[in-house]
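Asks: Structure of the sequence below:
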Amino acid sequence: MVSQLAGKPAPRALLENIPRLISAYYTHLPDVENPAHQVAFGTSGHRGSSLRNSFNEQHILAISQAICDYRRQEGIDGPLFLGMDTHALSEAAQRTAIEVFAACGDRVIIQQEMGYTPNAVAQSLKRQRTNTVGLVITSIADPFVGRVVRGIEDVARAARINVFLSVSNNEPEREMMVIETFHRRRVDGVISAAAQISGP
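Replies: Below is the predicted model of the structure:
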């Protein structure tokens, strides 16, 4: 179900007090005995709120130190690539992590000017469009098919559309599986230059 607020500016009553969040990040101390204050990882990393003592500097210090310790234990000495997102506490958390990694002697690479990478999946949900098409071919060895793929990619690139390519090896069952996968990935369309398909 789509929220009635989707695509609209948030009402003032729903807006967070950012200075208060940042202050709480540095000043609130989590209670290690309280399960609600413990580190909890979700699909994109640690989840929580500084106001509820579940995303505070102590959490980032501990996570960053654990990363340093793991790298030493495993003999990892390459650089750390550290990103951030648009979360209100990302800049504060990034600063904390960099301090820990520097103290550990790790080389840290960050994006210039505090940039972030937009989430293409979230953008596609809002636009109801992914700017991608799926292309199913029989073989990559056929020179004719290669020219067809190149032509499709040239046209798609000009329209700022990405092409996902899959090879069916002339197997109708595999082709249907690939098309279903493309559908689950929410591509805007599928081009099939492969085996004959029958069905609805």
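Asks: chain center to stretch 60-71, what's the gap?
Replies: Here the centre of stretch 60-71 is set off from its chain's centre by 22 Å, with C-alpha atoms, centre = their mean, to the nearest Å.
Asks: And it, what's buried?
Replies: For stretch 60-71, a neighbour-count test (16 or more other C-beta atoms under 10 Å) marks 60, 63, 64, 67, 68, 71 as buried. The way it works is simple: take the backbone N, C-alpha and C, and place the C-beta from them, glycine included.
Asks: List the ones among the residues you listed that fall in helices.
Replies: Counted as lying in helices by DSSP state H, out of the buried residues of stretch 60-71, are 60, 63, 64, 67, 68, 71.
Asks: And the first one, how close does it get to residue 101?
Replies: Read that as residue 60. Going from residue 60 to residue 101 by C-beta to C-beta, to the nearest Å gives 11 Å.
Asks: if we can go back for a sec, the buried residues of stretch 60-71 into CSV, with extra columns for pLDDT?
Replies: Converted to CSV, the buried residues of stretch 60-71 look like this (pLDDT from 0 to 100):
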residue, pLDDT
60, 93
63, 92
64, 95
67, 94
68, 95
71, 95
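Asks: Of these, just say which sits nearest to residue 157.
Replies: residue 67 (38.5 Å; C-beta to C-beta).
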